[in-house]
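Enquirer: turn this into a structure:
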Amino acid sequence: MEKLDALVEKLKKYGYDVHTFENAQQAKNYLLETIPQTDTVGIGGSMTVQQMGLDQALRARGQQVFWHWSAPAEEANEMRKKAATADTYLCSANALTMDGKIVNIDGFGNRVAGTIYGPERVFLVVGRNKIAPDLTGAIDRTRNIAAPLNARRLNRHTPC
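Expert: Numbers count the residues shown, from 1 in each chain. Got it, this is the predicted structure:
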């Protein structure tokens with residue numbers, strides 16, 4: 001817990017508004033309370049967001065959600081563009097270092113674009129399993145855990 005508190009303080013020094021939760025349901029409830037119901041919501045490829053059921057909860061309350069995972073293959077690129085310019089953007093990170101560096105390997109660049117350009121509000125949903133001690137550990141986690149899992153899930157043959 002002490003290490004998590006130190007990471008939170010580091011992220012706050014970088015200007016991030018950081019919230020921690022005991023479980024995914026608490027995080028989901030926070031996001032549903034915080035994201036204006038009038039917002040369009042873009043989602044970058046994220047198993048974390050999917051497992052939380054955020055897309056379904058947002059749609060259930062009538063929000064327009066742009067997520068290439070829920071679009072037909074021929075519409076995926078257009079959906080990525082719409083997601084990156086929505087009012088609110090949700091995604092995760094492949095890894096987060098203890099000194100506050102966010103690490104992502106992104107097949108199309110949509111998550112990176114969505115987090116740095118476009119949406120008024122961006123929420124990174126990062127589980128404790130994604131925290132690495134340093135940049136070397138974060139890159140290792142990204143290359144040897146996150147990317148291979150994504151490649152298998154997407155049936156892609158990549159160098160990872």
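
Enquirer: ok, which stretches of this protein are helices?
Expert: Residue ranges of the helices in the chain, as given by DSSP state H, are 2-13, 24-34, 47-52, 54-60, 76-84, 110-116, 135-141, 147-153.

Enquirer: and the fourth one, what does it pack onto?
Expert: Contacts defined by 3 or more CB pairs under 8 Å, 6 or more residues apart in numbering; DSSP states H and E place helix 54-60 against helix 24-34, strand 41-43, strand 65-67. C-beta: built from backbone N, CA, C; applies to glycine.

Enquirer: starting at the chain centroid, how far to the second one?
Expert: Here the centre of strand 41-43 is set off from its chain's centre by 10 Å, with CA atoms, centre = their mean, to the nearest Å.

Enquirer: what lines up beside that strand in the sheet?
Expert: For strand 41-43, the paired strands and their directions (DSSP bridges) read strand 65-67 (parallel), strand 88-91 (parallel).

Enquirer: who touches it?
Expert: Contacts of strand 41-43 with the rest of the structure, by CB atoms under 8 Å, 6 or more residues apart in numbering, involve 35, 49, 54-55, 58, 63-67, 69, 82-91, 114, 119.

Enquirer: do I have it right that Phe108 meets Arg80?
Expert: Yes - between Phe108 and Arg80 there is a contact under CB atoms under 8 Å: 6.1 Å.

Enquirer: if you count surrounding residues, which of the two has more?
Expert: When neighbours are counted by other CB atoms under 10 Å, Phe108 and Arg80 differ, and Arg80 comes out ahead with 22 against 13.

Enquirer: which residues does the more buried one contact?
Expert: 68, 108, 110.
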